[in-house]
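Engineer: here you go, sequence then predicted model.
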Amino acid sequence: MDLYVGITEADEHEEEADLPKDEAGRRKIKRQYEELLGIRIEKLKGRILNRERINKTIEGIYFICDKCLKVCHSLDDGIVEDPANLHNLCGKCGKSRSAA
Ligand SMILES: [Zn+2]
């Protein structure tokens, strides 16, 4: 039994898909996305990059804001979801959209 516990712990630390549990962790992932995507961010704007389940009720979404082209996370930056999933906006841009 001890062996199983050991393996599980090791996996959690090594897995790249390990969910970051705080804002600092997500910020790192956002930066990785930005570096990874580079100029393609332009093409992928407004799209969802990844959905993760944070717990039973909360879902976290990584996406590129259609307006400011930043990689955002729904919990940190807010999200205004587009039903068609093509023009998702961060909270800030979603608010300013009606004013613009
Ligand atoms: Zn934005």
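Structural biologist: Thanks, I have the structure now.
Engineer: next SSE downstream of the helix or strand of the chain with the lowest mean pLDDT?
Structural biologist: Ranking every helix and strand in the chain by mean pLDDT, DSSP states H and E puts helix 2-14 at the bottom, with a mean of 48. The first helix or strand that comes after helix 2-14 along the chain, using DSSP states H and E, is helix 23-37.
Engineer: so how far is whichever helix or strand comes after that next one from its chain's centroid?
Structural biologist: Sequence order places helix 41-44 as the next helix or strand after helix 23-37, per DSSP H and E. How far helix 41-44 lies from its chain's middle: 15 Å, per Cα atoms, centre = their mean, to the nearest Å.
Engineer: so is helix 41-44 next to the ion?
Structural biologist: No: using Cβ under 5 Å from the ion, helix 41-44 stays clear of the ion, with a minimum separation of 12.0 Å. C-beta coordinates here come from the backbone N, C-alpha and C atoms, glycine included.
Engineer: and that helix, what does it pack onto?
Structural biologist: With contacts defined as 3 or more Cβ pairs under 8 Å, 6 or more residues apart in numbering; DSSP states H and E, helix 41-44 has no helix or strand neighbours.
Engineer: mean confidence for that helix?
Structural biologist: Averaging pLDDT along helix 41-44 gives 96.
Engineer: how about the very next helix or strand once past it as PDB, C-alpha atoms only?
Structural biologist: The first helix or strand that comes after helix 41-44 along the chain, using DSSP H and E, is strand 48-53. What follows is strand 48-53, C-alpha atoms only, in PDB (Å, rounded to 0.1, in the frame of the first residue of the first chain):
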ATOM      1  CA  ILE A  48     -10.600  28.400 -25.800                       C
ATOM      2  CA  LEU A  49      -7.300  26.700 -25.300                       C
ATOM      3  CA  ASN A  50      -8.100  24.400 -22.500                       C
ATOM      4  CA  ARG A  51     -10.700  23.600 -20.000                       C
ATOM      5  CA  GLU A  52      -9.900  22.200 -16.600                       C
ATOM      6  CA  ARG A  53     -12.000  21.100 -13.700                       C
END
